[in-house]
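Q: Build me a structure from this.
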Amino acid sequence: MTEKKLLMGNEAIALGAIEAGVQVATGYPGTPSTEALETVIRYAERGGIYTEWSSNEKVALETAVGAAYSGAKALVTMKQVGLNVASDPLMSLSYIGVKGALVILVADDPGPHSSQTEQDTRAFGHFANLPVLDPATPQEAYELTKLAFELSHEYEIPVILRTTTRVSHGSGDVELGTKAEMEAGQIEPVAWDFEGFTKDRRWTIFPRLTAERHPWLEGLQVQLSERFSTLPYNTVSGKGKIGILASGVSALYAKEAIRGFEEIFTLFRIGTVHPFPEKAALDFLKGIENLIVVEELDPYLEEEVFKLIGKKHLAVDVYGKKNGYFPVSGEYSVGLVLDGIDKVLEAVGEPSRLPHASPVVLREELPPLPIRAPTLCAGCMHRTVFYAFKRAAKQFRKEAQVGQKEQTEQAMQATQTAQEEQAMQAVQTSQTDTIFSGDIGCYTLGNAHPLNMVDTCLCMGAGVSIAGGLSRTNPEAKHVAFIGDSTFFHSGIPAVVNAVYNEADITLAVLDNRTTAMTGHQPHPGIGVTALGSSSKAIDIANVVRSCGVEFVKTVEVESLAECVEAAKTAMEFKGPSAVVFKGKCVGITKSDKHCVIDPELCTGCGFCVKQLGCPALALPGGEGGEGGEEEEGEKARILDNCSGCGLCAEICPSEAIKTEEVLK
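A: Residues are numbered from 1 along each chain as shown. The predicted structure follows:
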C-alpha cells in the first residue's frame, strides 16, 4: 500500500531514510539541510531511531561512522560548508568503507542564499571517490535516499546525497511506501538487528592499508559507473539531434524551457552523477551533433562529457559554461536556461527560438517593493552587546588620543614634510582603533549600518583565530572576537586554546542566547536538552573558557547596557586573552511582556535612538524601521508593534523620553 503526500524535499529525504530502515541519524543544523534531520527527530521515538544534533559536522559524521562500522544504517545531514568540516574523516573513510550503510546528505546553496560559498558537492564526490546522487524533485529525493542506503550497504562505501536549495526547500507530491506512512500511526520501530562491531584490521587506517584499499576504491568507480548506467534515474527523452545534458533542478529548468520544441532536442537527465554513467551517456550521444550542458555551479557534467568525447573520439560539439553559453556561478532559472539554449541555437544555425512565457503582470506595472535589509530582530540581545563594545571602544579611543596627543604633537614638530605628518596621524588612528572579528550566526548582522561592529567574517569559529592573527600585525589596536554559543561549541574551543597557548592579546565575547537561532532554534551542548527533548548535562561556556586557561572570564546578563559596557571595557583592558560570556534570551523563542513607549512631551525629535541602534521596532516618519525615510528636523520617532521592550533605546535616549511598560494580556 502506498499514499501520496505533499512534502518538502528535505522531508522526503527523511521519510526515504526511514523507509530504508535508518537506525542512527546525526547532523549539524545548516540551511538548506536542517529540515531533514528535524523530520527524522519528529518520528525518532516512534520509529526507534537514535537521533542527535552533534556539536559539529565532523563529530556528526564520526558518530555515524561508528554506527556504520557496527553494521547499522546511518544518516548524516549538513550543508555544503559543513562538508568542509567533515572532510578530514570522510577522505579517509572512502578508503576504509563501512559495514552497514552510511548516507551523507549535503545541501548545496547556489546563489548563495545563506552560505559563505557556492561550492559544488558533485566535485567533492569526484575528489573523494565517493558516489553522488543528485535528485531533481521531492519524489526523486525520496527514492534516491532509499537507493543511497542500498548502494552503501551493497558496496560498503559511504554515499553522498547532494541536493540544492530549490530541491531541499521545494515541495511536491511524493508517493510513499508503507514504512513512511507515519501520520496514520502505521510505523513500527526499526529492528536493531545488525551484527555489532567486529574487530578487524580494516578499521584502523595506516599507510599500508591505504595502499591496499586504493586499487579497490578505483575499481569501485568503474563498477558504480556501469551500475549507474542501468538505473532508471538516468533518463532520455526526445529524438532531436541537439542534445541536452543536465542534472538536479537544472534538468527541470531545461525540460520546461524546451516545452513545445521537444522534436529539436534529446534531453538526458542524470540522477546518479558520480561516478559518471559512461555507458548510458554513450547511448545518449549516438546521433547527437551538438550538446548543451545545463548545470548550476561547477562544470562537472561538462568536464565528464568532454573526457568521454575525447576518449571515444566522438564528433560532438559541446556548449556550456566553458565557452560562455551559461553562467559559471549563481542560481539558474527557466528564463536563464532558455536564453542560454537560444544562444546555442543561433550558434549552430538552428532557425527556431524558444519563446519566453508572457508575464501575467509586466514588471514595470508592479509596485516598487520596500527595501528591507537583513537586520537583527527587535530586542535582540546581540544589539546590546554590540552597542556596549562600541561605547567601550569609543572610550578607549578618547583615552588613548588624550595620552598620545602630546607625543604626537612633539613628533609632528620634528617632521619635515606634509607626507610625514599624514603618516604620523595615520599611525595615531591605528593605535587607538578596535578591530572586531565576527563569526557565522545571527550576530553576523552586526556588520550592518548603523552598528558597523563586524569587521571580518570567514567561517564557523574563525573569528577568534583571526583576531589572534590581527593582534600580531596590529599590536597597538584592541581586538575583540564575537562568537555565538552554538558556534563556540562547534569550532571555537580550539581557537581559544590557541589564543591562550600563544598568549594572544584578544577579548572573546560569547553571545549566549541559549539556542542555535539562525537555523531554527535547535539545541546545543550548552542548553541541557537533546535533539529529542530529553534532559542532559548543560556545559557551561564560562567554565570551558576557564579550563582552556583564560584568566579573565566574566559572565554578564544582558539586561543593563551600563553593566555590559563596564564588562566589555574591563575585558579589553586585560593584557592577554580575556572573555565575557553575555547571557540573554532569543526574542524568537521568548516572547516579551513589555513594550517601550515614547513620551511626546519629552521627545525632542533628535532621532538618536533610530540612528544609533538600527532597531526595526524604531522608525522615523516616512520609514518602516531602521533609519526610516528622509526625515525633517524635529520629527519624532515612533515605536512599532514588533517592539519587545528590551529597553536599550530607553537607556541611550538623551532626553529620557522612552519608557518601558508592561503589556496587558
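Q: Thr34: how many residues sit nearby?
A: 24 (other Cβ atoms under 10 Å). Where you see a C-beta, it was placed from the backbone N, CA and C, and this is true even at glycine.
Q: again, but for Ala101
A: For Ala101, using other Cβ under 10 Å, the count is 30.
Q: Buried residues of stretch 590-601, list them for me.
A: 592, 595-596, 598 (16 or more other Cβ atoms under 10 Å).
Q: Can I get these in CSV including secondary structure and pLDDT?
A: Putting the buried residues of stretch 590-601 into CSV (DSSP: H, G, I helix; E, B strand; the rest coil; pLDDT from 0 to 100) gives the following:
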residue, secondary structure, pLDDT
Ser592, coil, 85
His595, strand, 93
Cys596, strand, 94
Ile598, strand, 94
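Q: Export the residues you listed as a markdown table, with columns for distance to Glu557.
A: Below are the buried residues of stretch 590-601 laid out as a markdown table (distance: Cβ to Cβ, whole Å):
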| residue | distance to Glu557 |
| --- | --- |
| Ser592 | 15 |
| His595 | 21 |
| Cys596 | 19 |
| Ile598 | 26 |
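Q: what two of the residues you listed are the furthest from one another?
A: Ser592 and Ile598 (17.3 Å; Cβ to Cβ).
Q: Just the helices from the stretch 401-550 of the chain, written as ranges.
A: 418-431, 462-473, 485-487, 493-501, 541-547 (DSSP state H, counting those that start in this stretch).
Q: Give me the helices and strands touching the following helix or strand past the last one, please.
A: Towards the C-terminus, the helix or strand next in line after helix 541-547, according to DSSP states H and E, is strand 552-557. Other helices and strands packing on strand 552-557, by 3 or more Cβ pairs under 8 Å, 6 or more residues apart in numbering; DSSP states H and E, are helix 541-547, helix 561-573, strand 578-583.
Q: List the neighbouring strands of strand 552-557 plus their orientation.
A: If you go by DSSP bridges, strand 552-557 pairs up with strand 578-583 (parallel).
Q: Nearest residue to Ser152 in space, please, no chain neighbours.
A: Take Ser152 and drop its neighbours on the chain: the residue closest to it by Cβ to Cβ, 6 or more residues apart in numbering is Ala101, 4.0 Å away.
Q: repeat for Leu640
A: Closest to Leu640 by Cβ to Cβ, 6+ apart is Ala617, at 4.9 Å.
Q: State the three-state secondary structure for Leu6.
A: strand (DSSP: H, G, I helix; E, B strand; the rest coil).
Q: so what's it up against?
A: Leu6 sits next to 171-174 when contact means Cβ atoms under 8 Å, 6 or more residues apart in numbering.
Q: run the last query once more with 6 Å
A: 171, 173 (Cβ atoms under 6 Å, 6 or more residues apart in numbering).
Q: what do you get for the one 4 residues further on?
A: Contact criterion Cβ under 6 Å, 6+ apart gives 35-36, 168 as the residues in contact with Asn10.
Q: Kindly recompute the last result at 8 Å.
A: 32-36, 39, 107, 141, 163, 168-169.
Q: any idea how far Pro110 is from it?
A: Going from Asn10 to Pro110 by Cβ to Cβ, to the nearest Å gives 16 Å.
Q: Please apply the same query to Val249.
A: The value you get for Val249 to Pro110, if Cβ to Cβ is used, is 9 Å.
Q: just Leu648 next, same as before
A: Taken as Cβ to Cβ, the span from Leu648 to Pro110 is 38 Å.
Q: Now do the host helix or strand of Gly243, average pLDDT.
A: Secondary structure assigned from DSSP H and E places Gly243 in strand 242-247. Across strand 242-247, pLDDT averages out at 97.
Q: buried residues in that strand?
A: Applying 16+ other Cβ under 10 Å to strand 242-247 flags 242-247 as buried.
Q: in the chain, which helix or strand is least confident?
A: helix 418-431 (a mean of 52; mean pLDDT, DSSP states H and E).
Q: so where's the stretch 301-450 of the chain uncertain?
A: Low-confidence segments of the stretch 301-450 of the chain (pLDDT under 70): 403-432.
Q: re earlier: give me the more crowded residue out of Leu648 and Pro110.
A: Legend: neighbour count by other Cβ under 10 Å for Leu648 and Pro110, higher for Leu648 (25 against 21).
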